[in-house]
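K.L.:
compute the structure for the input listed below.
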Amino acid sequence: MKMDPSGMRLAWIGLGNHPSGVTNVASLEKASFAVVAASASSRSVRTLPTSPATGAAVARATNFRRDILELPCRSGLGRELSFIATPLDTAASDDSPNLVVSHGLGRPPPGSLAGVLAPVRLRQVVLITRHLPAVTGRLEAELGLGPGFRDDGVGFFGLENRVLAAGDCFVEVLTPLTEDSAGHRYLERKGADGGYMAIFQFRDREAPRARAAELGIRVVWRADLPDISGTHLDPRDVPGAIVSLDWADPPESWHWAGPEWRGGAPEGAGPGGITALEVAVADPGDAARRWAAVLGPDVRLDGSEIRLPEAGQVLTFVGAADRRDHGIVGCGLVLRRPDGRPPAATTTIGGVRFSMTAATDEAGRRREVP
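P.N.:
Residues are numbered from 1 along each chain as shown. Down below sits the predicted model:
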């Protein structure tokens, strides 16, 4: 492909029935889609006008870490777009584009690179049980998750765990090993299995911690490793579950899930992830306000609901008068089973109701679970 006058090769995304691909300047006269141009050498991004029918698209580079660039755009038609551009080898021939761009209307589905680069997203949901083999076995059999990774590090808390991948997100199951552990005391109070913790991944490492400190929220545990950081907040200050403020480098990696997820995501990682969380508390409105304040300016609070728009996720808070009923009670997932069969539409495992939608198939169509 020829270079445009600015020395940038072009990548484009079609709207409607147009496919994604690569174009040149001459094609822009007929283009009815947003066009972005990027320079692999300077890693700068700018927009090019589309046809008069759609007007100019507006693109903003929100992140360019490890050669992955997220481009949220708004077309002249007012449609929200969210695209991903990934630079190829800068030594590629002139016949190759600088960017490979995926296309799609609306917010990116879980498991997409756009979700990876969201300012904040729910990356891991944690259950606690006295019956670790039974609960992990059901997650594997009914949802197609697994095999789970055992992190010996949680022995520090008097716990044993399994971390199971759900797309590029995770479901962790904990069980107490000692009677003096916080997990044992939680199960004693609750009297049943339940959702215990929500682990959020942030694009920034220190800002969420500073925000929690400014809000006067106590920290019960903190860790900093070269490729991940975690900060567990006191549930007395952020009710409903233990909220953890985490950061990962690279952002698609997840140290807590084991060696396969360190340094990046494994090649065999399937599509999908967490789409929703439901938390039972005494005062849903107050709890939602507290969680939203901690999660920061990139979330949208609407009564007892919090939306994470860049991640395509929603958190809902519901009332429960009895403290024993407090905790994470629901989790939405988009999944694809390794055997190709659809996951169960709805099932309760470990005290949490899981609602599933089948991940996008190879043809790019979203299949609903019957």
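K.L.:
I'd say residue 230 and residue 243 touch.
P.N.:
No - if you go by C-beta atoms under 8 Å, residue 230 and residue 243 don't touch, sitting 11.1 Å apart. (Glycine included, C-beta is placed from N, CA and C.)
K.L.:
which one's more surrounded, those two?
P.N.:
residue 243 (25 against 18; other C-beta atoms under 10 Å).
K.L.:
work out for me the element the more buried one sits within.
P.N.:
Residue 243 belongs to strand 242-248 when assigned by DSSP states H and E.
K.L.:
and the next element down the chain from that strand?
P.N.:
Past strand 242-248, the next helix or strand by DSSP H and E is strand 273-281.
K.L.:
output the contacting helices and strands for that next one.
P.N.:
strand 120-128, strand 194-202, strand 313-319, strand 327-335, strand 352-358 (3 or more C-beta pairs under 8 Å, 6 or more residues apart in numbering; DSSP states H and E).
K.L.:
rerun that using 6 Å as the cut-off
P.N.:
strand 313-319, strand 327-335 (3 or more C-beta pairs under 6 Å, 6 or more residues apart in numbering; DSSP states H and E).
K.L.:
what mean pLDDT does it have?
P.N.:
The pLDDT scores in strand 273-281 average 96.
K.L.:
likewise stretch 235-250?
P.N.:
Per-region confidence: stretch 235-250 scores 96 on mean pLDDT.
K.L.:
mind listing residues that contact stretch 211-219?
P.N.:
Identification of contacts with stretch 211-219 by C-beta atoms under 6 Å, 6 or more residues apart in numbering yields 231, 233, 234, 237, 293, 294, 296.
K.L.:
err, stretch 286-304, not the other one
P.N.:
119-120, 211-212, 215, 238-240, 281, 284-285, 306-308, 317.
K.L.:
apply 7 Å and report the result again.
P.N.:
Stretch 286-304 is contacted by residues 119-120, 200, 208, 211-212, 215, 217, 233, 238-240, 243, 279, 281, 284-285, 305-310, 315-317 when judged by C-beta atoms under 7 Å, 6 or more residues apart in numbering.
K.L.:
residue 286 versus residue 174, what's the distance?
P.N.:
Distance, residue 174 to residue 286, by C-beta to C-beta, to the nearest Å: 27 Å.
K.L.:
of these two, who's got more company?
P.N.:
residue 174 (25 against 13).
K.L.:
which of the helices or strands spans that one?
P.N.:
Going by DSSP H and E, residue 174 is part of strand 169-176.
K.L.:
so where's the protein uncertain?
P.N.:
Across the chain, the ranges flagged by pLDDT under 70 are 1-116, 270, 338-340, 342-344, 359-370.
K.L.:
and the helices in the chain?
P.N.:
All helices of the chain, identified by DSSP state H, fall at 113-116, 132-143, 182-190, 206-214, 284-295.
K.L.:
quick check: which of the ones you listed is nearest to residue 161?
P.N.:
Between residue 161 and the helices of the chain, the shortest separation by C-beta to C-beta is 8.0 Å, and it involves helix 132-143.
K.L.:
my guess is residue 350 contacts residue 127. True?
P.N.:
Yes - using C-beta atoms under 7 Å, residue 350 is in contact with residue 127, at 3.9 Å.
K.L.:
about what we covered before: quick one: work out the angle between the strand holding residue 243 and strand 327-335.
P.N.:
Between strand 242-248 and strand 327-335, the angle comes out at 40 degrees (axes from the mean of the first three to the mean of the last three C-alpha atoms, to 10 degrees).
K.L.:
would you give the sheet partners of strand 242-248, along with the direction of each?
P.N.:
strand 194-202 (parallel), strand 228-233 (antiparallel) (DSSP bridges).
K.L.:
could you export those as JSON lines, including distance to residue 334?
P.N.:
Putting these into JSON lines (distance: least, C-beta to C-beta, whole Å) gives the following:
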{"stretch": "strand 194-202", "distance to residue 334": "17"}
{"stretch": "strand 228-233", "distance to residue 334": "24"}
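K.L.:
mean neighbour count, those: which tops it?
P.N.:
Comparing the strands paired with strand 242-248 by mean neighbour count (mean count of other C-beta atoms under 10 Å), strand 194-202 ranks first with a mean of 24.
K.L.:
got the angle between that strand and strand 352-358?
P.N.:
50 degrees.
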